[in-house]
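Engineer: please find the sequence and the predicted model below.
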Amino acid sequence: MKYRASWNGEILAESSEIKEIEGNKYFPQNSLNKQFFKETETHTTCSWKGKASYFNIDVAGKTNKMAAWYYPNPTPLAKEIKDYVAFWKGVEITEEG
């Protein structure tokens, strides 16, 4: 099964190697179309996954603020999502095959 993340008419990421936690599909960072992603200074903390960092997504002159997040140094309980990115705020996740 292959998954695709898209927003504003562009494919943000594609992979068959996603991880799913708490209903969120995490894509490997190497599957991202990096030209659409901009680091932010925003961080939040999850009690069991650790400190999250966020990307803004810029496509065709529109910005979806903090629409992607990842855990650069997850806790041991969440180590499987290190170097993986999840989406929200209108980013569509679809399945193929």
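Structural biologist: On my side now, so go ahead.
Engineer: pull the residues that contact stretch 30-42.
Structural biologist: Residues outside stretch 30-42 that contact it (C-beta atoms under 8 Å, 6 or more residues apart in numbering) are 10-15, 17, 53-59, 65-66, 68, 83, 85. (C-beta placed from N, C-alpha, C; glycine too.)
Engineer: list the buried residues for it?
Structural biologist: 31-32, 36-37 (16 or more other C-beta atoms under 10 Å).
Engineer: which single one of those residues is nearest to residue 6?
Structural biologist: residue 36 (10.2 Å; C-beta to C-beta).
Engineer: phi and psi next, for the closest one.
Structural biologist: Here is the backbone geometry of residue 36 (degrees, to the nearest 10): phi -90, psi -10.
Engineer: what segments of this protein are strands?
Structural biologist: 2-7, 10-15, 19-21, 24-28, 37-46, 50-59, 62-70, 84-87, 92-96 (DSSP state E).
Engineer: between these, which one is nearest to residue 76?
Structural biologist: Across these, closest to residue 76 is strand 50-59 (C-beta to C-beta), at 9.4 Å.
Engineer: mind checking the pLDDT average for that closest one?
Structural biologist: Across strand 50-59, the average pLDDT comes to 98.
Engineer: quick revisit: out of the contacts of stretch 30-42, which end up buried?
Structural biologist: For those, buried by 16+ other C-beta under 10 Å: 12-15, 53-59, 66, 68, 85.
Engineer: with distance to residue 25 added, can I get these in JSON lines?
Structural biologist: JSON lines is the format used below for these (distance: C-beta to C-beta, whole Å):
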{"residue": "12", "distance to residue 25": "12"}
{"residue": "13", "distance to residue 25": "10"}
{"residue": "14", "distance to residue 25": "12"}
{"residue": "15", "distance to residue 25": "9"}
{"residue": "53", "distance to residue 25": "18"}
{"residue": "54", "distance to residue 25": "17"}
{"residue": "55", "distance to residue 25": "16"}
{"residue": "56", "distance to residue 25": "20"}
{"residue": "57", "distance to residue 25": "16"}
{"residue": "58", "distance to residue 25": "21"}
{"residue": "59", "distance to residue 25": "19"}
{"residue": "66", "distance to residue 25": "17"}
{"residue": "68", "distance to residue 25": "12"}
{"residue": "85", "distance to residue 25": "10"}
